[in-house]
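>>> Below are the sequence and a predicted model; questions follow.
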There are 2 protein chains.
Amino acid sequence: MLDFASIDDAVDAQLPNQLDNLKRLCAHPSIAAQNVGMQACAELVAGMLEARGFETSIMPTDGQPVVFGERQGASDRTLLFYNHYDVQPPEPLELWESPPFEPEIRDGKIYGRGVSDDKGHLICRLAALDAILAQQDELPCRVKFIVEGEEEIGSPNLPAFVAQNEDLLGADAWVWEFGGVDHHGRSVQSAGLRGICYVELVARTGTLDAHSGLGGGIFPNAAWRLTWALATLKGPDERIRIPGFYDKVIPPTARDLELLAELPEVADNYKETYGIQDFIKGLSGGLDLHREEVFTPTCTICGLTSGYQGPGTKTVLPAEARAKVDFRLVPDQDPSEVFELLKAHLAHEGFDDIEVQWLGGEPPGRTDPDDPFLQMVVESARSVYGQPQLIEPIAGGSGPVHAFISHLGVPVAAAGIGHPEGRVHAPNENVVIDNFTKGIKHTVRIIMNFAQA
Amino acid sequence: MLDFASIDDAVDAQLPNQLDNLKRLCAHPSIAAQNVGMQACAELVAGMLEARGFETSIMPTDGQPVVFGERQGASDRTLLFYNHYDVQPPEPLELWESPPFEPEIRDGKIYGRGVSDDKGHLICRLAALDAILAQQDELPCRVKFIVEGEEEIGSPNLPAFVAQNEDLLGADAWVWEFGGVDHHGRSVQSAGLRGICYVELVARTGTLDAHSGLGGGIFPNAAWRLTWALATLKGPDERIRIPGFYDKVIPPTARDLELLAELPEVADNYKETYGIQDFIKGLSGGLDLHREEVFTPTCTICGLTSGYQGPGTKTVLPAEARAKVDFRLVPDQDPSEVFELLKAHLAHEGFDDIEVQWLGGEPPGRTDPDDPFLQMVVESARSVYGQPQLIEPIAGGSGPVHAFISHLGVPVAAAGIGHPEGRVHAPNENVVIDNFTKGIKHTVRIIMNFAQA
């Protein structure tokens, strides 16, 4: 068995420096949805890899470039880390306690857009390499990085990139972009990700907003058209009403339910963190809550916009209204099929005036929870967290995991630095610095144990 | 019969100067909904009245101040002009061809926020006084002005102001804040205004936006709650579903329908101006369109806001969603009653979690279309427009006319400078300068004829 004491000492010694690296990376806005700062951030990431002896290239796609890096190691086995350098938009800005792109440490946490999702995870992995290289000149195995720039907008160009670069991306195992601990501080493994179909519904009823006193009784109103169209998608019973939507849903297996049953209770934590009175569907917690959280496909309104939204009143009849809507998909649902079903449903319900724009989609993807690599990652957590990882059979979030699993056929495991109050995608995104340190140490073990297998 | 030739000459001679006055007033933002520039604009208006020999006072209310002005005249009869110095918010700013608060003349029109509603009407009336006073030292009758600052937010403090100042506001007749020509250039008289009840519906389902991958299947979503609540108010059949909503509606009289039947066809003009394909309710034009435009109460979504509204995608589950909704009311509906019916309906439908905020309300109010003062104003238009005014039995818009009619019991007539493409409440609000001139000449006749009656 390997002795990690000296490497752990190096992790601790290098921590201030690694936090500075994280601050430097997060201080650089890189918002794919708004095409802000992308190329420069890709160059910053490539520079960080080169500083650690990686051969890198910034590879073009039809969207944002992908940063690829590779460094040889003592064994012929190859471990590949998938990360992304783009971040979610920081809005609403007024809810941040410190500016989103000026990372700040307060009370044992670091705050800023991207400190967790996903720049913190990238720095965590670089920090693990730094600690290993402080003890030895060579990495124990070949390590590759693929750091894309469109994860937060649904990785529209990644599947083609993966298909075109199968040789370059060849690896024995992948470590996914994120991971972290649950409310009880226990590290969690995700054996897959849900898919997503993200659309924008656009109602246009005219070319000019009208005075509501003039048009209210005679003109079509885009906000009403949108409201009625949305109401056909889902009602308060939470059942999605698009015919065929549930046809390809595979229910959880007995092993899945066994893994879900081992997960700790989260109901009170969720209620406290998000200020929720009651869950939907009459859920109160336990296995039911876990199952609905990840094994049920969803339809979420992510945004609504129409007409006057300022203070006070404006008596206007809007000519345009928009809704951003995402569907989280479970195996074997397919985002392109859901998109077609949605359009057919709206037309059938009399809403063929509603334009349905495709903003992004990814199929769901899973790794066998009993795969040996996954189990090694689970077990490697023991000497860092005091116990092995908990396995959630599939995570609620989405990512381009399907592209890798289907094209490359390798196991994908999760490891990282997140925590349930990390406010990922929301204002005041943060990472607990102790979790950052533990994530580095866990990553050290994953690399060293993987090389020995 | 009075000879208006010399006064009309004065109107023409003074036109450039009056357009400068209009520009000066419109260059001063005064947005009641956003509490921008109000006191300073009240002082500017008071100064304009004082320059014309009026005794003025800026009178406080619980909201924005009211400018009152009075000047004695040759007869004891008193004519009162009601105007307002507040304007609608200028948003969306990007749709203005010239900045909203930098009035600009192009192609025979003047553009800017407030050039029509209502600063242009105020200047029109001052211009009529200037032209009369260019010919004689004395006004032919006593003239009063009441210029309020909260018309665009529903005049919440005007009814109390009127009730408390009945003596000050004593008059034999009132001229309302607006008026104008139809698509055929014919001046239109409005024998009343619909009422309004303006509310904001607020859904709050938590204290923090959540990641849609986490909460989509288990957390309540404010945008969905709002959508479902709105959908209970009205469906695609346009029938408002609030129990009791229609109970107090008085249908149009035979005289009302006779007046409506005299109105010209507007269907094609509306379609062209607003870029509308089809009217709602299967309407195609004619009497049906006129009746639905003004004699049917409405429920209009004026604005929707929730979650992420920027470019691209953000996978967020919103904790708050808001809708601005106005109800246009016909006699004898009452806004306070509608507000209570709305709240009871939402609670009954299972949406007592939706907060209903009162943003403003005014009862409808009407003057007898055959009232002698109204008929004088109608007939005074003949020598300016070539024909008397058309009478619409009630206008689609709203205003605090009820406060005057019920408290003061005087007839209220409309006269002004507007036109159907004036884009009131929308970007590129404008006035045709020829209509501005005609409006001044019509106002001259109203004042002179009123004094002789």
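Looks like it came in fine.

>>> What sits closest to A:Ile31 if chain neighbours are left out?
A:Pro89 (5.4 Å; CB to CB, 6 or more residues apart in numbering or on different chains). Using the backbone N, CA and C atoms, a C-beta is placed for each residue, glycine as well.

>>> pretty sure that neighbour contacts B:Thr313?
No. Judged on CB atoms under 8 Å, A:Pro89 makes no contact with B:Thr313 at a distance of 9.2 Å.

>>> Which pLDDT does the model give whichever residue of the stretch 101-250 of chain A sits closest to chain B?
The nearest approach of the stretch 101-250 of chain A to chain B comes at A:Thr207, 2.8 Å away (CB to the nearest CB). pLDDT for A:Thr207: 95.

>>> How about A:Asp371?
Looking at A:Asp371, the pLDDT reads 95.

>>> Can you classify the closest residue to A:His183 other than its chain neighbours by secondary structure?
Of all residues beyond its chain neighbours, the one nearest A:His183 is A:Asn269 (4.2 Å), with distances taken as CB to CB, 6+ apart. Secondary structure, DSSP: H, G, I helix; E, B strand; the rest coil: A:Asn269 is helix.

>>> in terms of contact, does A:Asn269 touch A:His184 like I think?
No. At 9.0 Å, A:Asn269 does not count as touching A:His184 under the criterion of CB under 8 Å.

>>> Please identify which of those two sits among more neighbours.
Per other CB atoms under 10 Å in any protein chain shown, whichever of A:Asn269 and A:His184 has more neighbours is A:Asn269, with 15 against 12.

>>> returning to that earlier point: ignoring the adjacent residues along the chain, who's closest to the residue of the stretch 101-250 of chain A closest to chain B?
Nearest residue to A:Thr207 in three dimensions, chain neighbours excluded: B:Gly275, at 2.8 Å (CB to CB, 6+ apart).

>>> And the closest residue to A:Glu392 other than its chain neighbours, how far from B:Gly179?
Closest residue to A:Glu392 apart from its sequence neighbours, by CB to CB, 6+ apart: A:Ser190 at 5.3 Å. Distance of A:Ser190 to B:Gly179, computed by CB to CB, to the nearest Å: 67 Å.

>>> now swap in A:Ala323 and tell me
Relative to B:Gly179, and taking CB to CB, A:Ala323 is found at 39 Å.

>>> what's the answer for A:Asp288, then?
The value you get for A:Asp288 to B:Gly179, if CB to CB is used, is 64 Å.

>>> Who are the contact partners of the residue of the stretch 101-250 of chain A closest to chain B?
When contacts are counted by CB atoms under 8 Å, 6 or more residues apart in numbering or on different chains, A:Thr207 touches A:319, B:274-275.

>>> need these in JSON lines with pLDDT, distance to A:Asp62 and neighbour count, can you?
Output for these, formatted as JSON lines (pLDDT from 0 to 100; distance: CB to CB, whole Å; neighbours: other CB atoms under 10 Å in any protein chain shown):
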{"residue": "A:Ala319", "pLDDT": "97", "distance to A:Asp62": "33", "neighbour count": "25"}
{"residue": "B:Tyr274", "pLDDT": "95", "distance to A:Asp62": "38", "neighbour count": "21"}
{"residue": "B:Gly275", "pLDDT": "97", "distance to A:Asp62": "34", "neighbour count": "13"}
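
>>> Neighbour count: A:Ser190 and B:Gly179, which is higher?
Set A:Ser190 next to B:Gly179 and count neighbours by other CB under 10 Å: A:Ser190 wins out with 30 against 25.

>>> How is chain A divided into domains?
Domains of chain A are assigned by automatic domain parsing as A:5-191+A:367-452, A:194-251+A:295-362.

>>> Quick one: mean pLDDT over the longest strand seen in chain A.
Counting residues, the longest strand found in chain A (DSSP state E) is strand A:192-204. Average pLDDT, strand A:192-204: 97.

>>> Show me the beta-bridge partners of the residue lying closest to A:Val67 once chain neighbours are set aside.
Distance criterion CB to CB, 6+ apart; nearest residue to A:Val67, sequence neighbours excluded, is A:Val147 at 4.1 Å. Using DSSP bridges, the bridge partners assigned to A:Val147 are A:Val67, A:Asn83.

>>> Just the pLDDT at A:Val147, thanks.
At A:Val147, pLDDT is 98.

>>> before we move on, what about the one 5 residues further on?
In this model, A:Glu152 is scored at 90, pLDDT.

>>> from what I can see it touches A:Gln34, true?
No. Using CB under 8 Å, A:Glu152 makes no contact with A:Gln34, being 10.4 Å away.

>>> So which of those two has more stuff around it?
A:Glu152 (24 against 16).

>>> Tell me which residues touch that one, please.
A:Glu152 touches A:31-33, A:84, A:86-88, A:117, B:313-315, counting by CB under 8 Å, 6+ apart.

>>> which one is the residue in chain A sticking out farthest from the centre nearest to, not counting chain neighbours?
The outermost residue of chain A relative to its centre, with distances by CA atoms, centre = their mean, is A:Leu214 at 46.4 Å. Excluding the flanking residues, the one nearest A:Leu214 by CB to CB, 6+ apart is B:Gly396, at 5.1 Å.

>>> how close does that neighbour sit to A:Phe450?
73 Å.

>>> How about A:Asp130?
Applying CB to CB to A:Asp130 and A:Phe450 gives a distance of 18 Å.

>>> neighbour count winner among these two?
A:Phe450 (23 against 20).

>>> Using the three-state scheme, assign that one.
helix.

>>> for it, what are its contacts?
A:Phe450 sits next to A:77, A:79, A:141, A:172-173, A:373, A:376 when contact means CB under 8 Å, 6+ apart.

>>> Take those and keep only those in strands.
Using DSSP E, the contacts of A:Phe450 in strands are A:79, A:173.

>>> from the contacts of A:Phe450, which would you call buried?
Among those, those scoring as buried are A:77, A:79, A:141, A:172-173, A:373, A:376 (criterion: 16 or more other CB atoms under 10 Å in any protein chain shown).
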